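Engineer: quick one, what's the 3D model for this:
(one chain, ligands or ions: 1)
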Amino acid sequence: MDDFVETLKSIRGALAPEQGQRLRELAAEVKEGAIIEVGSWRGRSTYALSLGSREGNQAPIFAIDPHEAFTGIFGGEFGPQDRAAFFRNMLKTGSWENVRLINLSSEIVTPGWTLPVGLLWIDGDHSYEGVKRDYECWVPFLLPGAPLVLDDTIHPEGGPYRLVGELEAAGWRVTERVGKVAVLQRD
Ligand SMILES: C[S@@+](CC[C@H](N)C(=O)[O-])C[C@H]1O[C@@H](n2cnc3c(N)ncnc32)[C@H](O)[C@@H]1O
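Structural biologist: Next up is the predicted model:
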């Protein structure tokens, strides 16, 4: 665990170690389908997913991020320099072995997608329109009972907070919260 935390913290990002640890465990539990990450930035959560999958059942990971100039709703600035850092971090952590970067905006990817998804982690555009779009693009591929995990769900002004409320009303259950990260499931 200590090595994991040190390595995680060496990658710039806002995911806390306990949240990374939970993603690692969820990735290890995936027995069927791929792991989808929407929003990779410099690869902090990608590393957690990669390690978990290698410890578990070798589910392939698809990391989706255009790495283009983008300003998040909470003021975060992102851009092509993150692509270089992502590659460096994938090499440094050995995550290149099972992580496939799809360097495109999420909604461009799904029209041609065919693989089932065993874990869906959404941490991209936190505007309501952005997170709802990502959810709607990817949820048709999510296997029954597979976890949907959302970041930044505790700020009432953020899109993920609003989306979680809508999903609960629509029959999803929040099965777990690790700080700002929420895990949801439906039967
Ligand atoms: C909060 S960061 C992700 C943090 C990352 N998961 C980590 O653990 O450090 C948000 C990322 O979403 C990406 N993003 C923004 N719009 C996107 C879209 N339409 N599809 C995929 N990624 C997107 C940004 O480029 C940025 O890198």
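Engineer: how many neighbours does Gly39 have?
Structural biologist: Gly39: 24 surrounding residues under other Cβ atoms under 10 Å. In short, each C-beta sits where N, CA and C put it, glycine included.
Engineer: an error on my part: the question was meant for Leu119.
Structural biologist: 26.
Engineer: where along the protein do the strands fall?
Structural biologist: Using DSSP state E, the strands of the chain run over 34-38, 61-64, 70-71, 77-78, 99-102, 117-122, 148-150, 173-178, 181-185.
Engineer: so what's the residue of the chain most remote from its centre up against?
Structural biologist: Residue distances from the centre of the chain (Cα atoms, centre = their mean) peak at Ala169, which lies 22.8 Å from the mean C-alpha position. Under the criterion of Cβ atoms under 8 Å, 6 or more residues apart in numbering, Ala169 has no contact partners.
Engineer: and for Ala63?
Structural biologist: By Cβ under 8 Å, 6+ apart, the neighbours of Ala63 are Glu37, Ser40, Gly43, Thr46, Phe86, Val99, Arg100, Leu101, Ile102.
Engineer: select from those the one having the most neighbours.
Structural biologist: Ser40 leads the contacts of Ala63 on contacts (other Cβ under 10 Å) with 31 neighbours.
Engineer: ok, now how distant is that residue from the ligand?
Structural biologist: 6 Å (Cβ to the nearest ligand atom, to the nearest Å).
Engineer: look up how far Trp172 lies from that residue.
Structural biologist: 24 Å (Cβ to Cβ, to the nearest Å).
Engineer: re the thing from before, and which of the contacts of Ala63 is nearest to Arg186?
Structural biologist: Glu37 (20.2 Å; Cβ to Cβ).
Engineer: which helices and strands sit right next to the helix or strand of the chain with the lowest mean pLDDT?
Structural biologist: Every helix and strand in the chain was compared by mean pLDDT, DSSP states H and E; the lowest is helix 2-9, with a mean of 94. In terms of contacts (3 or more Cβ pairs under 8 Å, 6 or more residues apart in numbering; DSSP states H and E), helix 2-9 is packed against helix 17-29, helix 44-55.
Engineer: out of the ones you listed, which comes closest to the ligand?
Structural biologist: helix 44-55 (3.2 Å; Cβ to the nearest ligand atom).
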